[in-house]
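> Let me see the structure of the following:
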Amino acid sequence: MLSARSVRGRAACGVALVALLASAALSTSAKAQDVAPDRPAPAAGLSEYAAAVVNDEIISTYDLAQRMRLLIATTGVQPTEQNLPQIQQEALIALVDEALQMQELRRVEVEQKFSIIASDGDVDEELAELAQGNNMTPEQFSSMLRSQGVLGSLREQVRAQTSWQRWVQGRFGSRLRIGDDQVRAVLEQQQAQASRTQYQMSEVFIDSVRVGGMDVALRGAEQLVSQMQQGAPFQAVARQFSAAPTAAAGGDAGWVSTGEVPTEVEQALEQMRPGQLSRPIPVSDGVYIVYLRDKRSGAGATVVNLKQAAVGVAADASATQVEAARSRLMALRSRITGCEDLEAVAGQEAGIVAGDLGEAEIGDLAPAFRAAAETLEVGQLSEPIRTEAGMHIVAVCGKRSSGAADLSPQLVERRLFFDQLGLIARRYMRDLRNAATIETR
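Reported below is the predicted structural model:
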């Protein structure tokens, strides 16, 4: 049985603040004038009104403005005339969902006569974890939040998320049974996919139904890409805007193989380089934004680590010049024992450049280097190799098969548990929304 604490930690991850919080420049936009610092809520009927009504419970415009401020501060997204409608919509959706969750939790507390809703002490504990994650004391963290005007809104968000996840796991977690056959199926699938290209990626998914249509989702995704290109952290944006189950982990989808993501996403990944952010990728039910963190070929590929020593020789050099460079490198080669001393020995010779070429798949190497990498054992040096740039000798300093490391049965079981629990939680919320009376103004 997995501990409840493991789920409570996910609540903290869902609202993790980034260093950008300290410098969120809300005042730079005239359109953000409703996003005010923490203050006592104005008297009803004076300067606030109902932004939404959820089963007769009012979400005020003050609540909405405070949540917008929290969303802006925690993501680093700067408010503009173009993205404020999206920020407002996301803030309102979150407030409606939290209202439904808290109403359900209060109902259960009355019926079953036990406490579910997180106490102030529970919230303090979660905030202390967030403070530690931001290298601050709880007092420093609270002071920073208060100065940004988001402490109250963050506390209520943490309270709702912690309480809801605790209840969902308590109600459904003990009923979930991950069978050995399910674990074996995942392990067999992993083995079958080991030869495919694999991508380590993070994702943001904008659900077109949730936000009001594909056009709205696409415009929203374009705004988010623009903000991330200007410095908004991907993880923070994913936590607040993504509708994917990976949102709580900052969008981290881990390693995926071809065939495990929508075709449109796979096609985009094939064209991307590690460290690159995609443009919005429309799919049937929404829009993806992906960040490619790393990429590797299947287990059948061989990766080598090479070092080289080289002498510059022009492409049109005479045969005499080429032979002189070859002789010089052969003499150097006789003094090198292996990868450990290649750079040191070569560094003693004027006009010879030595260095670590890093890791590369053999198939990606230049043909002349590829032949040496395929035939040499680790620690061996090649004969001089002629290229258009000069004359080289290379040493193979490492050789391994690429591909994903094997997952343990325990890790697979844990992933399946949380995947199923997340699916149950989403169905639970869908039923609450369908049964509710929700009016937005």
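> The stretch 101-250 of the chain: helices as residue ranges?
120-133, 138-148, 151-172, 180-192, 208-211, 214-229, 234-241 (DSSP state H, counting those that start in this stretch).
> so which of these comes closest to T80?
helix 214-229 (8.1 Å; CB to CB). For glycine as for every other residue, the C-beta is placed from the backbone atoms N, C-alpha and C.
> Report the mean confidence score over that closest one.
For helix 214-229, mean pLDDT rounds to 92.
> Which residue ranges make up each domain of this structure?
Taking automatic domain parsing as the reference, the chain has its domains at 4-175, 195-299, 302-401.
> So what does G179 look like in phi/psi?
phi -80, psi 160 (degrees, to the nearest 10).
> what about it, distance to D207?
30 Å (CB to CB, to the nearest Å).
> ditto for Q82
Q82 is 20 Å from D207, by CB to CB.
> next one: S119
Taken as CB to CB, the span from S119 to D207 is 33 Å.
> again, but for L64
20 Å.
> just to revisit the earlier point, select, out of the domains of the chain, the one closest to Q410.
Nearest of these (CB to CB): domain 4-175, 13.2 Å.
> What is the neighbour count of the spatially closest residue to G173 that is not a sequence neighbour?
Using CB to CB, 6 or more residues apart in numbering and skipping the chain neighbours, the partner closest in space to G173 is L421 (6.2 Å). By other CB atoms under 10 Å, the residues close to L421 number 19.
> Now do the host helix or strand of Y291: which elements does it pack against?
Here Y291 is covered by strand 286-296, with elements defined by DSSP states H and E. Applying 3 or more CB pairs under 8 Å, 6 or more residues apart in numbering; DSSP states H and E, one finds that strand 286-296 contacts strand 198-207, helix 208-211, helix 214-229, helix 263-270, strand 276-277, strand 281-283.
> Run through this protein and note the low-pLDDT ranges.
1-48, 191-195, 259, 297-301, 401-407 (pLDDT under 70).
> Do you have the strands of the stretch 301-441 of the chain handy? List them.
302-312, 352-361, 385-386, 390-401, 438-440 (DSSP state E, counting those that start in this stretch).
> Any idea which of those gets closest to G275?
Here strand 352-361 is closest among the strands of the stretch 301-441 of the chain (CB to CB), at 15.2 Å.
> Please identify the pairing partners of that closest one and their relative orientation?
The strands beside strand 352-361 in its sheet (DSSP bridges) come out as strand 302-312 (antiparallel).
> Might you calculate how far the partner strand sits from the centre of the chain?
Averaging C-alpha positions (CA atoms, centre = their mean, to the nearest Å) puts strand 302-312 33 Å from its chain's average.
> Can you check what angle separates that strand from strand 286-296?
70 degrees (axes from the mean of the first three to the mean of the last three CA atoms, to 10 degrees).
> Provide the contact partners of strand 302-312 at residue level.
325, 328-329, 332, 336, 339, 342-343, 346, 351-362, 365, 369, 373, 389-402 (CB atoms under 8 Å, 6 or more residues apart in numbering).
> Now that we have these, which of them are buried?
Buried members of these, counted by 16 or more other CB atoms under 10 Å: 325, 328-329, 332, 336, 339, 342-343, 346, 352, 354, 357, 360, 362, 365, 369, 373, 390-397, 399, 402.
> quick revisit: tell me the most buried of the helices of the stretch 101-250 of the chain?
With neighbours taken as mean count of other CB atoms under 10 Å, those reach their highest mean count in helix 234-241, at a mean of 24.
> Just list what that one packs against, helices and strands only.
Short answer (3+ CB pairs under 8 Å, 6+ apart): helix 234-241 packs on helix 61-75, strand 198-207, helix 214-229.
> how does it look with 6 Å?
helix 61-75 (3 or more CB pairs under 6 Å, 6 or more residues apart in numbering; DSSP states H and E).
> Convert the C-alpha atoms of the helix it packs on to PDB, please.
Only the C-alpha atoms of helix 61-75 are listed here, as PDB (Å, rounded to 0.1, in the frame of the first residue of the first chain):
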ATOM      1  CA  THR A  61     -14.300  39.100  -8.600                       C
ATOM      2  CA  TYR A  62     -11.900  39.700  -5.800                       C
ATOM      3  CA  ASP A  63     -11.200  36.000  -5.500                       C
ATOM      4  CA  LEU A  64     -10.700  35.800  -9.200                       C
ATOM      5  CA  ALA A  65      -8.300  38.800  -9.200                       C
ATOM      6  CA  GLN A  66      -6.300  37.200  -6.400                       C
ATOM      7  CA  ARG A  67      -6.100  33.900  -8.200                       C
ATOM      8  CA  MET A  68      -5.000  35.600 -11.400                       C
ATOM      9  CA  ARG A  69      -2.200  37.300  -9.400                       C
ATOM     10  CA  LEU A  70      -1.100  33.900  -8.000                       C
ATOM     11  CA  LEU A  71      -1.100  32.400 -11.400                       C
ATOM     12  CA  ILE A  72       1.000  35.200 -12.900                       C
ATOM     13  CA  ALA A  73       3.400  35.100 -10.000                       C
ATOM     14  CA  THR A  74       3.900  31.400 -10.000                       C
ATOM     15  CA  THR A  75       4.400  31.000 -13.700                       C
END
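> now the angle between helix 234-241 and that helix, please.
160 degrees.
> so helix 61-75 versus helix 138-148, what angle?
Interaxial angle, helix 61-75 versus helix 138-148 (the same axes, to 10 degrees): 120 degrees.
> G179 and D207: which has the busier surroundings?
Between G179 and D207, counting by other CB under 10 Å, D207 is the more crowded of the two (14 against 10).
> Isn't the more buried one up against G286?
Yes - between D207 and G286 there is a contact at 4.7 Å, judged by CB atoms under 6 Å.
> What separation do you get for the closest residue to V237 other than its chain neighbours and N305?
Nearest residue to V237 in three dimensions, chain neighbours excluded: T75, at 5.0 Å (CB to CB, 6+ apart). Distance, T75 to N305, using CB to CB: 39 Å.
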